[in-house]
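>>> What shape does this take:
(2 chains)
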Amino acid sequence: MNCLTVRERLAEHALGVLSASELSAVDRHLEWCAACRKEAGELQGAAATLAFSVAPVEPPGELEDRVLEAVRGVAGTRRAAAPRRSRVAAAGVLAAVLALSGLAWGAVMAGRADRLRDQILVQRARQEQAFENFQAVIDDLEGADPANIVEVTTLEARRARPGGGEALVLLSPSSDDFALVALTGLTDVRERRFPLEVRLVTDGAGASTIGQVSSLDPTGSVTLSRWFVESLRDFDAIEVRDARGRVLLRGALSVQAPTA
Amino acid sequence: MEGLLNGEDDAIRTLYARFGRPVYSLGMRLLGSREAAEELTQDVFLTAWRKAARFDPARGRLSTWLMTIAHNLAVDRLRRETGARRPTLVLVDEVPDVPGVPEEDAIEERDAATRALESLTEAERRLLTRAYFRGLTAREISEADGIPLGTVKTRLRTAMIKVRRANEGKEIP
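From the prediction side, this is the model:
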């Protein structure tokens, strides 16, 4: 995209209504074009003004304490956290990993874990490497870092195309970070669109590949995972692109708050 | 921001005092239930903590940054829950001021929002509302209304430029 075509799309960019593929192309342009980035920033400010235009509603008084507790919880686990919260966080990671591995049914991610678990159970015979990775996590859990954080997302296709997925990112300040993605229902991807690239992305800057997919099973499913030496903390989303760079699926990562 | 990153109570409370009500209001008006609005508010502040290290005041205002997070999370949820009933959207200039409601939070931003709404024609206002608050793409609006895609895109651009110009020279902290 050149500056002209990007600027034609900046209003929609600010409003958050670009298609995933256009969003990706515009963001790539904004990474290096300062003039368009300035324009985009101004329109983003205008869009944020609209967010203040809804009629105010008084939040319940106790919400502030719950927000404080939630942020303090996840932030605290990255520092030397209070013992109770540490146990909760570690238990959360344990439950998630066990659920994902299919070895036990953790409830930490509720429906998310169930969907991932089902997909992974089907895939497991062909996913020896992934299973070994899970096993390594499980083996390591005796000394699991309470500061570990789990981020999750649901990958979705825009405009009602088939396919979707679930993803989990484990952020660990003391060991390698880990990303796992389970895709399913990608039944309309033509052969020439392969390989698909599954990657972590940030707002307008940078990406890191989790893996490439050369083929899918008849249900359009695949599960892949990767350990990362570098921190994954700065990534915002996971997306799946085809060989032409078209974004098929995308999901924004959000912190899975520790659950008591 | 460093305080938020470290999970310091004062920093979180300060941020909440300023933006808690606008974020919650956005959740209530878009998602329609107290439970969903509370979840949204919690998710917004958790996401803000996660991204705090990357907030750059030189590249944008705090209010823009935080409300963009809130809007993205709310609209993502709207798109996921396509079958759910949605409340009628009520904007700030459609309700009378409520005496006794504390006004220290984000009053400048609400004034800016009112100026922005006043700058739009009724048609522009409806168009922006459908795009921004309902997450409808230009193509979806074009198909629903039976008007050319290019026309919708042009109208969206025109309306957004008006919103931007409505507050030029009125810096918001």
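
>>> can you count the residues close to the closest residue to chain B within the stretch 151-260 of chain A?
Chain B sits closest to A:Val255 of the stretch 151-260 of chain A, with a gap of 4.8 Å, by CB to the nearest CB. To be clear about C-beta, it is placed using only N, CA and C from the backbone, and glycine gets the same treatment. By other CB atoms under 10 Å in any protein chain shown, 21 other residues sit near A:Val255.

>>> wait, isn't it in contact with A:Ile149?
Yes - using CB atoms under 8 Å, A:Val255 makes contact with A:Ile149 at a distance of 6.2 Å.

>>> mind listing the helices for the chain?
I'll assume chain A. A:3-15, A:20-32, A:34-51, A:63-78, A:83-101, A:110-123, A:128-140 (DSSP state H).

>>> wait, I meant chain B there
Under DSSP H, chain B gives helices at B:2-5, B:9-31, B:34-51, B:62-80, B:107-118, B:122-128, B:138-145, B:149-166.

>>> Need those in CSV (columns: mean pLDDT, distance to B:Arg86 and mean neighbour count).
Converted to CSV, these look like this (pLDDT from 0 to 100; distance: least, CB to CB, whole Å; neighbours: other CB atoms under 10 Å in any protein chain shown):
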stretch, mean pLDDT, distance to B:Arg86, mean neighbour count
helix B:2-5, 59, 31, 16
helix B:9-31, 88, 7, 22
helix B:34-51, 90, 11, 21
helix B:62-80, 88, 7, 20
helix B:107-118, 84, 20, 19
helix B:122-128, 93, 15, 16
helix B:138-145, 93, 15, 16
helix B:149-166, 93, 21, 19
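
>>> any chance of these in a markdown table, plus distance to chain A?
Compiled in a markdown table, the helices of chain B are given as follows (distance: least, CB to the nearest CB, whole Å):
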| stretch | distance to chain A |
| --- | --- |
| helix B:2-5 | 7 |
| helix B:9-31 | 4 |
| helix B:34-51 | 5 |
| helix B:62-80 | 4 |
| helix B:107-118 | 4 |
| helix B:122-128 | 7 |
| helix B:138-145 | 6 |
| helix B:149-166 | 4 |
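
>>> Figure out which of these is closest to B:Glu94.
Nearest to B:Glu94, of all the helices of chain B, is helix B:107-118, at 9.2 Å by CB to CB.

>>> who's in contact with the closest one?
Helix B:107-118 is touched from outside by A:46, A:49-53, A:56, B:22, B:63, B:67, B:91-93, B:125, B:162-163, B:166-167, B:170, B:172-173, with contacts defined as CB atoms under 8 Å, 6 or more residues apart in numbering or on different chains.

>>> where does chain A dip in pLDDT?
Applying pLDDT under 70 to chain A flags the ranges A:75-147, A:158-159, A:174-175, A:204-205, A:256-260.

>>> ok, back up a step: quick one: residues contacting the residue of the stretch 151-260 of chain A closest to chain B.
The neighbourhood of A:Val255, defined by CB under 8 Å, 6+ apart, consists of A:74, A:149-151, B:46-47, B:49-50.

>>> and of those, the nearest to A:Ala11?
Distances from A:Ala11 to those, taken as CB to CB, are shortest for B:Thr47 (24.1 Å).

>>> So A:Ala51 is in contact with B:Leu26, correct?
Yes - if you go by CB under 8 Å, A:Ala51 and B:Leu26 touch, sitting 5.8 Å apart.

>>> Give me the common contacts of these two.
Taking CB under 8 Å, 6+ apart as the criterion, A:Ala51 and B:Leu26 both touch B:67, B:70-71.

>>> Could you let me know which of those residues ends up closest to A:Glu69?
Nearest to A:Glu69 among those is B:Ala70, at 19.3 Å by CB to CB.

>>> residue contacts, the closest one?
So B:Ala70 contacts A:51, B:19, B:22-23, B:26-27, B:40, B:44 (CB under 8 Å, 6+ apart).

>>> same thing but 7 Å
Taking CB atoms under 7 Å, 6 or more residues apart in numbering or on different chains, we find B:Ala70 in contact with A:51, B:23, B:26, B:40, B:44.

>>> Can I get the residues you listed in CSV including distance to A:Val240?
Listed next are the contacts of B:Ala70 as CSV, based on distance: CB to CB, whole Å:
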residue, distance to A:Val240
A:Ala51, 29
B:Val23, 30
B:Leu26, 29
B:Leu40, 26
B:Val44, 26
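
>>> quick one: which two of these are the most distant?
For the contacts of B:Ala70, the maximum inter-member distance is 12.0 Å, found between A:Ala51 and B:Leu40 (CB to CB).

>>> before we move on, back to that, now for the helices of chain B, which one comes closest to A:Arg28?
Nearest to A:Arg28 among the helices of chain B is helix B:62-80; the distance by CB to CB comes to 18.8 Å.

>>> between the closest one and helix B:107-118, how big is the angle?
With axes from the mean of the first three to the mean of the last three CA atoms, to 10 degrees as the basis, helix B:62-80 and helix B:107-118 are set at 60 degrees to each other.

>>> I'd say B:Val92 and A:Ala55 touch.
Yes - using CB atoms under 7 Å, B:Val92 is in contact with A:Ala55, at 5.2 Å.

>>> and which of the contacts of A:Val255 is nearest A:Glu12?
B:Thr47 (22.4 Å).

>>> Tell me who's in contact with that closest one.
B:Thr47 makes contact with A:254, B:69, B:73, according to CB under 7 Å, 6+ apart.

>>> What separation is there between it and B:Ile161?
In this view, B:Thr47 and B:Ile161 are 29 Å apart by CB to CB, to the nearest Å.

>>> The closest residue to A:Glu12 other than its chain neighbours: what's it in contact with?
Nearest residue to A:Glu12, sequence neighbours excluded (CB to CB, 6 or more residues apart in numbering or on different chains): A:Leu18, at 4.9 Å. For A:Leu18, the contacting residues are A:9, A:12, A:26, by CB under 7 Å, 6+ apart.

>>> Verify the contact between A:Gln212 and A:Glu197 for me.
Yes - with contact defined as CB under 7 Å, A:Gln212 counts as touching A:Glu197 (5.5 Å).
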